[in-house]
Structures are given as structure tokens and as C-alpha cells.
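Chemist: fold the following and give me the result.
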Amino acid sequence: MPHLGAWAILPSGILGFLVGGLWYGPIFGKAWAAARGMTPQMKQGANMVLIFGLTFLLNLFSSAVLFHVMGRVGVDNIHLAIMVAGGAALGFIIPAMAVNYLFSRMSLKLFLIDAGYWLVIYHLMGLLLFYLR
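Modeler: Numbers count the residues shown, from 1 in each chain. As a prediction, the model looks like this:
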């Protein structure tokens, strides 16, 4: 992907943020909160501007790193874009999460919700970065 425009990072980061809103909202929000043990009292007093702002910046950062990796690998077709993006999630992010979840003794249900988000979003970011090159 030699001429991938860096401007593709912004929509890819926005996509990650928006999918997260759906994933942890109407799709899995209640199941995630229950598996996390989140109570309404815990939600009160949270600095949501800070949480959402940092989440957006971290999605942009993830998009930028994926952009760099795809460019260095020379992604030139959709299949390779999916393999690189999905490989990053399956090979690095999800195993690292699994170790933390095992030692924290978090539930498999919570792990699957969270890992599923990263797998989906990395595939979508990879596709968007490929098509906006």
C-alpha cells in the first residue's frame, strides 16, 4: 500500500469510536455491564468527557499504527488487508487481553464481548484504510 493517504486514519479512528458506541451500547451494553459488575452508582460521577475523549484518541492511535503496519507490509489487495488487520487483533491484542482476563479472573462472557469488539473493529479499520488509500 505504497501511496496510502494518512488522511485515511481519521475516518478509520472515527469508525472505531462509533462501532464502540454501538457495541457497548445497544448491542452488548447490558450484558457487558452485568459481566463487568457495573452498577448505576458506579456510572455516576464518571468523567464521561474524559473517557470518551481518550477513547477517541486511542482509536485514532490504533488506526495510525495499523496504517503504518499495512503500509510497511505493502498491502495491495483486500484479502491481505483483512489478514493484516485481523492478524493484529488475533495475534497481539486478544492474547494480551486474555492473559489479563485470566489473572484478573474475569468471566469468559466479558472476554468474548471485549475481544469481539477489537476483532470486529480491526477488520473494519483495515478495510477502511485499504479503500481510502
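Chemist: just for this structure, where's the confidence low?
Modeler: Counting by pLDDT under 70, the ranges of the chain that qualify are 1-4.
Chemist: which strand or helix spans the residue nearest to the spatial centre of the chain?
Modeler: Nearest to the geometric centre of the chain sits Trp118, at 3.8 Å (Cα atoms, centre = their mean). Element membership of Trp118, judged by DSSP states H and E, is helix 108-131.
Chemist: just the buried residues of that helix, please?
Modeler: 110-111, 113-115, 117-130 (16 or more other Cβ atoms under 10 Å). C-beta: built from backbone N, CA, C; applies to glycine.
Chemist: for stretch 45-56, same thing?
Modeler: Those would be Phe56, for stretch 45-56 by 16+ other Cβ under 10 Å.
Chemist: list the neighbours of it that are in contact with it.
Modeler: By Cβ atoms under 8 Å, 6 or more residues apart in numbering, the residues outside stretch 45-56 that reach it are Gly13, Ile14, Phe17, Gly20.
Chemist: what's the neighbour count on Val69?
Modeler: 17 (other Cβ atoms under 10 Å).
Chemist: distance from the helix or strand harbouring it to the middle of the chain?
Modeler: Here Val69, judged by DSSP H and E, is contained in helix 48-73. With Cα atoms, centre = their mean, to the nearest Å as the basis, helix 48-73 stands 8 Å off its chain's centre.
Chemist: tilt between it and helix 108-131?
Modeler: Comparing the axes of helix 48-73 and helix 108-131 via axes from the mean of the first three to the mean of the last three Cα atoms, to 10 degrees yields an angle of 60 degrees.
Chemist: and the helix or strand just after helix 48-73, what does it pack onto?
Modeler: Counting by DSSP H and E, the next helix or strand C-terminal to helix 48-73 is helix 78-88. Applying 3 or more Cβ pairs under 8 Å, 6 or more residues apart in numbering; DSSP states H and E, one finds that helix 78-88 contacts helix 48-73, helix 108-131.
Chemist: and Asp76, how far from Val84?
Modeler: 11 Å (Cβ to Cβ, to the nearest Å).
Chemist: also Ala8?
Modeler: Distance from Ala8 to Val84, by Cβ to Cβ: 14 Å.
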